[in-house]
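Colleague: heads up, no residue letters with this:
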């Protein structure tokens, strides 16, 4: 009894040890995390500053090297009174610019040229650039600074020959600064003339002045007068930076270079993250810094930031792992020490019990020796009643039990109910044959979860009827099977529920699977697709799509350009002709196994039919707007001509009248001409006002009963002088039963006058114009037929449009603005009628038919009250 109390007291004293271990481990973890974080941050800041210094030094040293090259070039000119192109070429060639000095666009010489020397200099430039017809830009100025030499003379640099850099403000400012100071001067950001591609880099130039004396004059005035020219270098900033960091492909920091001290987008010269194709918005750098750099008298500001790669290499990233590992270790140590304390407690208790029977201990040691010999898998020794006698560590770890805890449960306690019949059958077979074949079942862990196993049992016999079972853990195998099944289910669900049309192909080109969106797009099912093979689709060959598909079958992901695909042409027996064709944009991706072999290919179709239709409608609308704009320009040109012609005549006659030297006959002719042109201008303005009223909805007619013969006869009388002048006969025929309609007599006379004037205008001398009035009880019809020049069939549909003329040139033989027939159409429609025209063709005359209703026009919402017995009808516009 005293012994039991002693081991119980010792066990209670050890319960604090696991918690002490937990607290100490957590404190050590916190200390380690803090130390690593502070140390890493200091090292990273130093590493960032070193990277900035390396980058800045690299840029500065390389620019100093380029300045040294320019000084060497100035030495060449200082040592020679004249430097020929061959000497300049040989000098630059020996420098080996592309190999030794990557990043420089070239070295050139611009000569100061007086206006009288331009032809000589241009002739020399044309030797190497025949296409240069003048020093550009081509306008007169007091002095030129044309590019005479530039090497290497590649396609980019050849186009710069003959360009006057002094004509551009940014370059000129740098050249003047270099000229006046005698030292190198860099320009601000410019677009180089060497930029011939769509993507244009930011550029700048460095100028070094060359004086005719060979040395730098003392005063600014002497430097300006003795200036010979400039030796200079153009730089494309992206190429320059690529040349500087050729060995270190990209620095370990991101940087942006700005011209000046302001960090604005328009002053940005180079952005390393854009140059590397990296999105700066998706990364928030840990460190930032700025440096300024003097480049030939011009300040550059460089903004530095740490790159994602820089931040990923940070030792601070280890802090979460240290914390996690510390927590894990603390938990493990806590559990281990607690388990050890509990195990010790249990072991001491078991030891007291085991001392009671030495025989039982010997048998246990013998069974334990057998378990140790086969400890790769779980092994248990049990009787046929389910009492577990012994188990190895593999089985204990599998179920989460200790030996002590396992000895207190029955085999049936750790077996789910649904597997008990299988266990009973296995035990029965084992008793009969000595063993049973392995079968799958599940055990219940101590925490209540299940573990799948493969179990085989052999009968040991003896008075206790013991048996040994071998248990293989199938958890990983089952989990892999479940993951594979879930992955396949997710994939198929994703494909099936995707709003994009998806088609999965075999490596041979046959369709394996399509989703619902694909069936809705094309109107057929996978079964109806049959043995369709995309590699044998002739329509794709004809539309030029097959090369893209073959690339995908070769292992590349491709984007197939938009194509109008007509499925009924490929599958005429399955798909009816009425099936709507679709514009589709397709993307094709190969799916490969671990060995790189293509297992299947996925095509995603995007239906862009509506987008294509909208683009076509926009194009048609743009064409309509362009046509309207052309008509406006033609109308304005015609209007100016129509106004200028009578005004010029009136101005000429008025000037002659002011001289008072004309006789009475000539004076009468002058006044008659002025009166005629004044009436023509008045009529022109009236037509314009009518069109304006019609377009704004302010055109109004006074409706009352009208005898049509009166406005027709008045119109004939008004045009008779013009007809007589051309010896044109006007023949009128009025049906007696057709007399009265409801309308505005003045406007009816206006529309008849317009038609008659049009007929006389286009009818030659000695022609004929017929005016016929006929009709029935419901309508009256005015027919005006001429023997004039006729109308081209293709122009008839546009005859009554505003400002439309068959000949819109200002040199045409007939005047007018093209408004008369449009006004006629509008007047006819206001009277509730219709107008039509027909012509057999050019030179065969034309016929105009106006049909008016005889009944009164019903007042509309736009009518207003007028005088008694009259109605007023307003126009709603064209």
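Modeller: Arrived safely, thanks for sending. On a predicted model such as this, the values are computed, not experimentally measured, just so you know.

Colleague: Relative to the whole chain's centre, how far out is the top helix by length along the chain?
Modeller: Longest among the helix segments of the chain by residue count, using DSSP state H, is helix 17-79. Relative to the centre of its chain, helix 17-79 is centred 38 Å away, using Cα atoms, centre = their mean, to the nearest Å.

Colleague: And the average pLDDT for that helix is what?
Modeller: In this model, helix 17-79 has an average pLDDT of 82.

Colleague: Can you name the secondary structure element that comes next after it?
Modeller: On the C-terminal side of helix 17-79, the closest following helix or strand by DSSP states H and E is helix 85-95.

Colleague: Which residues outside whichever helix or strand comes after that following helix are in contact with it?
Modeller: Scanning forward in sequence from helix 85-95, with DSSP H and E defining helices and strands, the next element found is helix 97-100. Helix 97-100 has contacts (Cβ atoms under 8 Å, 6 or more residues apart in numbering) with 104, 106, 107, 151, 152. Backbone N, C-alpha and C define where each C-beta goes, glycine included.

Colleague: cool, and stretch 503-511?
Modeller: 495, 512-514, 518, 526, 529, 531-536, 553, 598-603, 605.

Colleague: Which ones among those residues map onto helices?
Modeller: Assignment to helices by DSSP H places the following of the contacts of stretch 503-511 there: 495, 518, 526, 529, 553.

Colleague: Out of these, flag the one nearest to residue 611.
Modeller: Each of those was checked against residue 611 using Cβ to Cβ; the closest is residue 518, at 19.0 Å.

Colleague: I'd like to know how far the closest one sits from residue 587.
Modeller: Applying Cβ to Cβ, to the nearest Å, the value for residue 518 to residue 587 is 14 Å.

Colleague: Looking at these two, which is more packed in?
Modeller: Set side by side, residue 518 and residue 587 show unequal neighbour counts under other Cβ atoms under 10 Å, the larger going to residue 518 at 24 against 15.

Colleague: ok, the more buried one - contacts?
Modeller: Residues 501, 502, 503, 605 are the ones in contact with residue 518 under the rule Cβ under 8 Å, 6+ apart.

Colleague: What about residue 198? Give its phi and psi, please.
Modeller: Residue 198 adopts backbone torsions of phi -60, psi -40, taken as degrees, to the nearest 10.

Colleague: Which of the helices and strands in the chain ranks last by mean pLDDT?
Modeller: When each helix and strand of the chain is scored by mean pLDDT, DSSP states H and E, strand 864-865 comes last, with a mean of 34.

Colleague: Just give me the neighbour total for residue 459.
Modeller: Other residues close to residue 459 by other Cβ under 10 Å number 19.

Colleague: typed the wrong thing, it's residue 544
Modeller: For residue 544, the count of nearby residues is 10 (other Cβ under 10 Å).

Colleague: so how far is residue 581 from it?
Modeller: Plainly put, residue 544 is 17 Å away from residue 581 if you go by Cβ to Cβ.

Colleague: got it, and residue 83?
Modeller: According to Cβ to Cβ, residue 83 stands 69 Å off from residue 581.

Colleague: what about these two, which has more around it?
Modeller: Here residue 83 and residue 581 are compared on neighbour count by other Cβ under 10 Å; more neighbours surround residue 83, at 20 against 12.

Colleague: any idea how far residue 231 is from that one?
Modeller: 10 Å.

Colleague: Now the common contact residues for the two.
Modeller: Where contact means Cβ under 8 Å, 6+ apart, the residues bridging residue 83 and residue 231 through contact with each are 77, 109.

Colleague: which element is residue 823 on?
Modeller: Assigning secondary structure by DSSP H and E places residue 823 in helix 820-830.

Colleague: Tell me the helix or strand right after that helix.
Modeller: The C-terminal neighbour of helix 820-830 among helices and strands, as given by DSSP H and E, is strand 834-838.
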